[in-house]
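Sequence and predicted structure, then a few things I'm wondering about:
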Amino acid sequence: MSDTEHVDVLIVGAGISGIGAAYYLQREHPGRSYAILEARGATGGTWDLFRYPGIRSDSDLHTFGYEFKPWRDDHAIATADKILAYLRETVAENRIDRHIRFHHKVLGAAWDSAAGRWTVDIERTGAAGTDPELIQISASWLFCGGGYYRYDQGYTPHFDGADKFTGRIVHPQQWPEDLDYAGKRVVVIGSGATAVTLVPAMAPTAAHVTMLQRSPTYVMPVPAKDSFANTARRLLGDERGYALARRKNILKQRGVYTFCQKYPKAARALIRWVNARKLPAGYPVDEHFSPRYNPWDQRLCAVPDGDLFAVLGDGSASVVTDRIATFTETGIRLVSGAQLDADIIVTATGLNIQLFGGMTLTVDGEPVNLSETVAYKGMMLSGVPNFVFAFGYTNSSWTLKVGLLCEHFCRMLSHLEAHGYDTVRPVAEPGLETLPLLDFSAGYVQRSADDLPRQGMSGPWAMSMNYTYDAAMLRGGPVVDPNLRFGNAVGDTVDKAVVSRTPAVPSPDGPDQRSAGAAPVAGR
């Protein structure tokens, strides 16, 4: 092990979560060494990877942005280029770039209790044409900030006859730079955030764009610019104006979600009324914009300034709700018998969930089966020492949760240092009743539910989706907990239980303690 490079904290992923983790770590623990491993060749994660037309946030940047760095652009719903510039500015301002190692893909990590450290297997790629090199780095802590989906491929279901289609089939996650859709007939398969972004972005240039959906999704127009936030920033300055707008939008998000959960019939009626006002008179709203599920059983799709409704109104785009029978040489034949002619078919059919970038974990030689672990405070795994992962909100802005768990991670490091401990691992009580990690009805979640960790019914084992509760637990609540075992690694493999004498933060009432739909991604 003496020949293996060692760092105190190894962060996996240089996207929005990994960058945030690096900032908090060097702010709260400037003496600790760390490195960020990024499998790709650039920072920004999702916002650098996706290149499809119109890509933007579906959360306002006053809450999707970092608490420590004001969002200064007038647009609250922002395009990918602006978000990427914001992230890279954060990296440069805080000199985080010195710690990033590109083209380092983590393959697996092995924990050794006697040594009190992880040994991480990494595939490092160099210049084009050179063979990958396998290297190892050891770390006292692993922080996985790589998100929740596979970066190398999106989800595309099997379509009969796809090989017969003479046009081009593309998935938004692998958008070709040379794709010319000017004057072309385009069919976008899907009804989620990606589809409702693509349709208005492509419609002004294409001959016609059709959004083909198997079933509708809730779609709500929102202002691209937040007049309150822009006024607050002008009157109070960047720092105070941003903080005020952030608090306002946190409350607004919570209010909308709570209203939808408590009064689903009223919420459904309100959304339908808004949609009908934005669509042409006589438009079949119930056929194309009335989902079978209740609002916020899946994430609402935000439409900045109603751009989707505008292209439906001017006829440059249309919506078809039907099922695909087969692809044909010239397009798609539907179960109803109708034919959709197309030159290009875009399969906006979702993501493939993959936690921790697909890396394997072992603890003292025993493989970790993620489906047999339970998430602790939404940031650690039962039985896995010195391991933290970032998973944001599904019913609000992703970064709100990530910021809180980064703060709690830093507090945990401070507690270890103050009390002379090296290791900590959550331990779930035998027979703990569990639920799926994400009780969320979206297809990409349901396809992978059996491969994900579990969550408990309440307390620190519940995957909370409530910012107010999380702020109390992660920012203000105690670090020590009866479910944690603290210990010393060198020559001491017996963990020392530390039980808090401080009353635990009570579990919140109601279904929103857990993920949306538990009653249930990100913006991205």
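Great, that's in hand.

Toward the C-terminus from the longest helix along the chain, list the very next helix or strand.
If you go by DSSP state H, the chain has its longest helix at helix 238-262. Sequence-wise, the next helix or strand downstream of helix 238-262 (DSSP states H and E) is helix 264-278.

pLDDT of that next one, averaged?
The pLDDT scores in helix 264-278 average 97.

ok, residues contacting the following helix or strand past it?
Once the chain leaves helix 264-278, the next helix or strand it forms, by DSSP H and E, is helix 285-288. Helix 285-288 is touched from outside by Q213, P216, R272, N275, A276, L279, V319, T321, with contacts defined as C-beta atoms under 8 Å, 6 or more residues apart in numbering. C-beta here means a position set from N, CA and C on the backbone, and glycine is covered the same way.

one more time with 10 Å, if that's ok
Helix 285-288 is contacted by residues 191, 211, 213, 215-217, 219, 272-273, 275-279, 312, 318-321 when judged by C-beta atoms under 10 Å, 6 or more residues apart in numbering.

And for stretch 126-136?
1, 3-5, 103-105, 107, 109-110, 119-125.

If any of those residues are buried, give me the ChimeraX selection for them.
Selection of the buried residues among those in ChimeraX, burial being defined by 16 or more other C-beta atoms under 10 Å:
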select :103,104,105,109,110,119,120,121,122
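
Next step: the contacts of stretch 126-136 restricted to strands.
E5, H104, K105, L107, A109, A110, T119, V120, D121, I122, E123, R124 (DSSP state E).

before we move on, the earlier item: give me the buried entries from the contacts of helix 285-288.
Among the contacts of helix 285-288, those that count as buried by neighbour count (16+ other C-beta under 10 Å) are 191, 211, 213, 216-217, 219, 275, 278-279, 312, 318-321.

Return the subset of the residues you listed lying in helices.
If you go by DSSP H, those have N275, K278, L312 in helices.

Relative to P176, which of the residues you listed is nearest.
Set against P176, the nearest of those by C-beta to C-beta is L312 (26.4 Å).

which residues does the closest one contact?
Contacts of L312 (C-beta under 10 Å, 6+ apart): 199-200, 203, 209, 211, 278-280, 283, 288-289, 306, 318-319.

between those residues, which is closest to A22?
Nearest member of the contacts of L312 to A22, counting by C-beta to C-beta, is P200, at 35.4 Å.

The closest one is in what secondary structure piece?
helix 193-202.

any idea how far stretch 372-384 is from the chain center?
Distance of stretch 372-384 from the chain centroid (C-alpha atoms, centre = their mean, to the nearest Å) equals 18 Å.

Likewise for stretch 358-374?
22 Å.

Same check on stretch 145-158?
11 Å.

now do stretch 252-263
Distance, centroid of stretch 252-263 to centroid of chain: 20 Å (C-alpha atoms, centre = their mean).

Any stretches of the protein with poor pLDDT?
1-2, 127-129, 439-446, 448-449, 490-524 (pLDDT under 70).

Show me how the record splits it into domains.
The record's domain parsing of the chain by automatic domain parsing lists 5-151+353-513, 162-347.

sorry, back to before: A245: which of the ones in strands among the contacts of stretch 126-136 is nearest?
Out of the ones in strands among the contacts of stretch 126-136, the member with the shortest distance to A245 (by C-beta to C-beta) is H104, at 36.8 Å.

That closest one touches A39, doesn't it?
Yes: between H104 and A39 there is a contact under C-beta atoms under 10 Å: 6.7 Å.

Identify the contacts common to those two.
Common neighbours of H104 and A39 (criterion: C-beta under 10 Å, 6+ apart): V12, A14, I122, E123, R124, T125.

so can I have JSON lines of these showing distance to F409?
Shown next, in JSON lines, are these (distance: C-beta to C-beta, whole Å):
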{"residue": "V12", "distance to F409": "14"}
{"residue": "A14", "distance to F409": "17"}
{"residue": "I122", "distance to F409": "22"}
{"residue": "E123", "distance to F409": "26"}
{"residue": "R124", "distance to F409": "26"}
{"residue": "T125", "distance to F409": "29"}
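
any chance you could map the helices in the stretch 301-450 of the chain?
Shown for the stretch 301-450 of the chain, the helices assigned by DSSP state H, counting those that start in this stretch span residues 307-313, 398-419, 443-448.
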